[in-house]
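> Sequence below, structure please.
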Amino acid sequence: MKKILNLLLVLSFVVGMSSCKKDDENPNTKVVITVKDALGKVKPNTTVHMLDEAASETLGNNPIFAMKSVVTDDNGVATFELQELFDLDVTATQTTLYFTIFEKSSFTTYKVLATAGVTIKRGETINKELKL
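Coordinates of the predicted model:
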């Protein structure tokens, strides 16, 4: 009886260890957006919004629906670190996100100045440019 109990204990330990994912396996997944004007000059202090659907009149042209918003640095770059928002191993192997710059056109409405869709996989770094 003691041998069976020990065997079950060892077997449960082996099964438990083999099914667990390593905690340090969190690759850096990010999207780097560079914002430029029509002449190609970088635009610092511009807010870029990340959405899970493309902005449209029917779905909403409003930054309130953004999953995350980042302001560009002095080089016109907004970096979105994605591993803090979701784990692509759990939700899917890849996802499509939309990066949009809005301009407030009235008290309750916004105009889309620039937008780009990006399909990203876990562990990737994607660079994208938005032109105003």
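
> can you count the residues close to Thr125?
13 (other Cβ atoms under 10 Å). For the C-beta atoms, the positions are set from N, CA and C on the backbone; glycine is no exception.

> swap in His49?
His49 has 22 nearby residues by other Cβ under 10 Å.

> And the strands in the protein, which stretches?
Applying DSSP state E to the chain gives strands spanning 30-36, 47-51, 68-71, 77-81, 94-104, 110-121, 125-131.

> Can you add distance to Asn61 and give those back as TSV?
As requested, the strands of the chain are exported to TSV (distance: least, Cβ to Cβ, whole Å):
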stretch	distance to Asn61
strand 30-36	18
strand 47-51	10
strand 68-71	15
strand 77-81	19
strand 94-104	7
strand 110-121	5
strand 125-131	16
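
> looking at those, which is closest to Asn62?
strand 110-121 (5.5 Å; Cβ to Cβ).

> pLDDT below threshold where in this protein?
Flagging of the chain using pLDDT under 70 yields the residue ranges 1-26, 56-60, 84-92.

> and with 50 instead?
Applying pLDDT under 50 to the chain flags residues 23-24.

> and the strands of the chain, which is most packed in?
strand 47-51 (a mean of 21; mean count of other Cβ atoms under 10 Å).

> All set now, cheers.
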